[in-house]
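>>> need coordinates for the following:
(one chain, ligands or ions: 2)
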Amino acid sequence: MADKVTNIEFDKKGKQNVTVWNVPAEKEHTQIVEEMLETENGKELDMSSLQERLPKLKTIVAKAVASQTLLKHTMPEQDPVVRATNFDEVALGYSAETAIAEARRCLNCPNPRCRTGCPVSVRIPEFIAKVAEGDFDAAYEIITSTNALPAVCGRVCPQERQCESRCVRGVRGESVAIGRLERFVADYHMAKQDKPPVEVPPSNGHKVAVIGSGPAGLTCAGDVRKMGYDVTIFEAFHKSGGVLVYGIPQFRLPKEIVAAEIENLKAIGVKIENNVIVGKSITIDELFEEGYEAVFIGSGAGLPQFLHIPGENLMGVYSANELLTRTNLMKAYRDDYDTPIKRFNKVAVVGAGNVAMDAARVAKRLGASEVHIVYRRSRTEMPARQEEVEHAEAEGIEFNLLNNPCAILGDENGHVIGLECVPQELGDPDARGRRTPIPKEEEKWVMDVDTVIIAIGTSPNPLIRSTTPGLTTTRKGGIDADDMAHTEKVAVFAGGDAVTGSATVILAMGAGKNAAYWIDEYIRRIHGEPPPPPQ
Ligand SMILES: Cc1cc2nc3c(=O)[nH]c(=O)nc-3n(C[C@H](O)[C@H](O)[C@H](O)COP(=O)(O)OP(=O)(O)OC[C@H]3O[C@@H](n4cnc5c(N)ncnc54)[C@H](O)[C@@H]3O)c2cc1C
Ligand code: SF4
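Numbers count the residues shown, from 1 in each chain. Ligands and ions are numbered 1, 2, ... in the order given. Prediction:
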């Protein structure tokens, strides 16, 4: 029979009434913590080999209880009424004191489940422990050993579905605010004046080309540069950063932040050539002729999809891409720029992902009196980050859920005057587990709007595949690449949205990181060098 020990009380401040019950020896510490967090005074658990385990248990319980709060520290934000009229950043970031207090909520689990939820394997408990000690420089070193864009990830990654969804703290209460801490550390470093000089990795004499400067391309380029490769990114736009600069709005991800992260990569020797459209200015085969030994395609998925309903060619219909590029890259919202956008009054945004939320919030900031999200499923199925939905609601965006547009109506001059919608009800789940909308045709109605913005997804642009013999594509137009990022064409690798279609920043970064490893493996192999250590 297992030893039984009850009512072990610790005498440090804030830890009264803590009771450790008997726990089987083979359990992981994280499981023990979970059980403790779930156990409210009095529920008995088995416990054996308590003598050896007691010191560790004491530490874990002490931390769990001493950290007092079960909730994340709240993020200071601009007031919703004020922010809906400006393009300044909505979330203002933690102070050093709040960051330290939040970091102290972390239990520093021996088997940190949070880390398994991170596509670039950030050493989460290690960096959080440094934040808790107030050693923000060390925290920055730890994060950037695996993540080249921490200020970006801290702002836009869907942590609630990744690292934070697995945090043991979330079993009872809220997870540790890993993303907010990551952002704090990156911002602290950015603001710091006396940064240590950057070490530029020596060149190994081999050249690698990267197409596209989005998160996939930047991560791949940063990683191969750190391995010693001479790397050049070729970017079609005049500004680098991909969707981070032309898609995600300023109020969510300030462009100065993206520019500063890119400067960090340039400082270690990553070269970027802007205004080069691979497939037009130069082809992939010509890059090989110029001495590049491997090419990574990280060209994203920038081709907007449309509904294919009557009226989509009317004046006042935009793709979300056009609206966002005009406002982000061409600063259409500023009077001192020469690229204005037509003023809206009543706007319908079709779709319910991050792109739709961004388009709706931009339309509101551009002066629309009403902005409606129109989505054919319910709130549960909305793909946008929960935080973005809450922010949109707080700013006055209206949600017309379970409605599918069937036609855009225009006046005699070809301007939008309405969006015809068919109400839906949800039927059985489809192959992806999402409940299928069933139209209620007899209940059709017209929404009174002068602008319709389509935000139902994007697909990869066909230019590169059509100018590169040997590349193959998937049914949805993505470049065919295996788990090692190899395409069907020798020495050509691919990753990010160009392969998967529209996904997330961190998945694109993970793909860029993976490709960097396999590019290194390939170049070593063709030169008869030993393979790199396993990933
Ligand atoms: C409005 C919007 C909001 C989003 N919000 C979020 C969010 O909150 N969180 C999140 O995780 N994800 C979000 N995403 C998705 C995320 O931004 C993308 O998944 C990610 O940027 C993909 O990275 P990538 O490097 O594969 O491609 P991209 O970021 O698209 O970068 C590709 C780059 O390649 C360049 N390029 C294309 N063709 C060529 C060519 N032929 N020659 C040279 N250069 C070329 C493009 O100009 C671009 O700069 C959002 C996307 C959008 C559009
Ligand atoms: S962040 Fe959460 S899961 Fe990760 S070590 Fe801290 S408490 Fe454990």
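
>>> flag every buried residue along stretch 523-535.
The neighbour-count check on stretch 523-535 (16 or more other CB atoms under 10 Å) flags I523, R524 as buried. For glycine as for every other residue, the C-beta is placed from the backbone atoms N, C-alpha and C.

>>> quick one: that stretch to chain centroid distance?
Here stretch 523-535 shows a centroid-to-chain-centroid distance of 31 Å under the convention CA atoms, centre = their mean, to the nearest Å.

>>> endpoints of it, how far apart?
Stretch 523-535 stretches 16 Å from its first residue to its last (CA to CA, to the nearest Å).

>>> need the contact partners of that stretch.
H206, V208, M227, Y229, E293, A294, N514, Y517, D520, E521 (CB atoms under 8 Å, 6 or more residues apart in numbering).

>>> which bits of the stretch 1-150 of the chain sit near ligand 2?
C106, L107, N108, C109, P112, R113, C114, I124, P125, I128 (CB under 6 Å from any ligand atom).

>>> report the buried members of those residues.
Buried, going by 16+ other CB under 10 Å: C106, L107, C109, P112, R113, C114, I124, P125, I128, out of those.

>>> for the second one, which three-state class applies?
What that stands for is L107. coil (DSSP: H, G, I helix; E, B strand; the rest coil).

>>> surely it touches V168?
Yes. Using CB atoms under 8 Å, L107 is in contact with V168, at 6.4 Å.

>>> roughly how far apart are A177 and A91?
11 Å (CB to CB, to the nearest Å).

>>> which bits of the stretch 101-250 of the chain sit near ligand 1?
156-158, 211-217, 234-237, 242-243, 247-248.

>>> can you rerun that using 8 Å?
156-158, 211-218, 234-237, 240-249 (CB under 8 Å from any ligand atom).

>>> which of those residues fall in helices?
Per DSSP state H, helices hold the following members of these: V156, P215, A216, G217, L218, V243, L244, V245, Y246.

>>> surely V449 touches H372?
Yes. Under the criterion of CB under 8 Å, V449 makes contact with H372 at 7.2 Å.

>>> which residues are common contacts for the two?
With CB under 8 Å, 6+ apart, V449 and H372 have common neighbours K346, V347, A348.

>>> report the secondary structure state of the second one.
The reference is to V347. Relying on three-state DSSP, one would call V347 strand.

>>> could you do L426 as well?
With three-state DSSP as the criterion, L426 reads strand.

>>> so which of the shared contacts of V449 and H372 are also by ligand 2?
Within these, nothing lies near ligand 2 by CB under 8 Å from any ligand atom.

>>> closest residue of the stretch 401-535 of the chain to ligand 1?
G496 (2.4 Å; CB to the nearest ligand atom).

>>> count of residues packed around the residue nearest to that residue when sequence neighbours are not counted?
In space, and not counting its chain neighbours, G496 is closest to A216: 2.8 Å by CB to CB, 6 or more residues apart in numbering. Counted with other CB atoms under 10 Å, the neighbours of A216 add up to 36.

>>> again with I248
24.

>>> check T467 too.
16.

>>> next one: A91
Count around A91 with other CB under 10 Å applied: 18.

>>> just checking, it touches M75?
Yes. Between A91 and M75 there is a contact under CB under 8 Å: 5.1 Å.

>>> follow-up on the earlier one: wait, what's in contact with the residue of the stretch 401-535 of the chain closest to ligand 1?
G212, G214, P215, A216, G217, G298, G300, A503, L507, A508, A511, G512.

>>> residues in contact with the second one?
So that's G214. So G214 contacts G241, G242, V243, L244, G298, G300, G496, D497, A508 (CB under 8 Å, 6+ apart).

>>> out of those residues, who's nearest R183?
Nearest to R183 among these is L244, at 14.4 Å by CB to CB.

>>> what's the longest helix in this structure?
Per DSSP H, the chain has its longest helix at helix 505-526.

>>> pLDDT of it, averaged?
For helix 505-526, mean pLDDT rounds to 96.

>>> which positions within that helix qualify as buried?
Buried-residue list, helix 505-526, by 16+ other CB under 10 Å: 505-520, 522-524.

>>> and for stretch 384-398?
Going by 16+ other CB under 10 Å, stretch 384-398 has these buried residues: A384, R385, E387, E388, V389, H391, A392, E395, G396, I397.

>>> hmm, the third one is touching E160, no?
The one in question is E387. Yes. Here E387 reaches E160: they are 7.5 Å apart, a contact under CB under 8 Å.

>>> list the contacts of the closest residue to ligand 1 within the stretch 51-200 of the chain.
Across the stretch 51-200 of the chain, the shortest distance to ligand 1 (CB to the nearest ligand atom) belongs to V156, at 3.8 Å. By CB under 8 Å, 6+ apart, the contact set of V156 is L244, I248, R252, L253, V505.

>>> equivalent analysis for V243, please.
G214, P215, G300, G302, D497, V505.

>>> phi, psi of A91?
Backbone dihedrals for A91, given as degrees, to the nearest 10, come out at phi -90, psi 130.

>>> measure it to E387 for me?
From A91 to E387 the distance is 9 Å (CB to CB).

>>> G418 should be in a helix, yeah?
No. Secondary structure of G418 (three-state DSSP): strand, not part of a helix.

>>> need the contacts of V243 in CSV with distance to R377, can you?
CSV is the format used below for the contacts of V243 (distance: CB to CB, whole Å):
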residue, distance to R377
G214, 28
P215, 28
G300, 26
G302, 25
D497, 23
V505, 24
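
>>> looking at those residues, which is nearest ligand 2?
V505 (20.1 Å).

>>> would you agree that closest one is in contact with C153?
Yes. Taking CB under 8 Å as the definition, V505 is a contact partner of C153 at 6.6 Å.

>>> where are the low-confidence patches of this structure?
1-69, 331-333 (pLDDT under 70).

>>> residues of it that sit close to ligand 2?
So far as CB under 8 Å from any ligand atom goes, the chain lies against ligand 2 at 30, 33, 105-109, 112-115, 124-125, 128, 163-164, 166-170, 175-176, 178.

>>> again, only using 6 Å
106-109, 112-114, 124-125, 128, 167-169, 176, 178.

>>> which of the residues you listed fall in helices?
R113, C114, I124, P125, I128, I178.

>>> who's in contact with the closest residue in space to the first one that isn't next to it in sequence?
What it means is R113. Nearest residue to R113 in three dimensions, chain neighbours excluded: R166, at 4.1 Å (CB to CB, 6+ apart). Counting by CB under 8 Å, 6+ apart, R166 touches R113, C114, T116, G117.

>>> ok, now V210?
G217, C220, A221, V224, V231, T232, I233, F234, V295, F296, G298.

>>> if anything else comes up later, I'll come back, but that's it for now.
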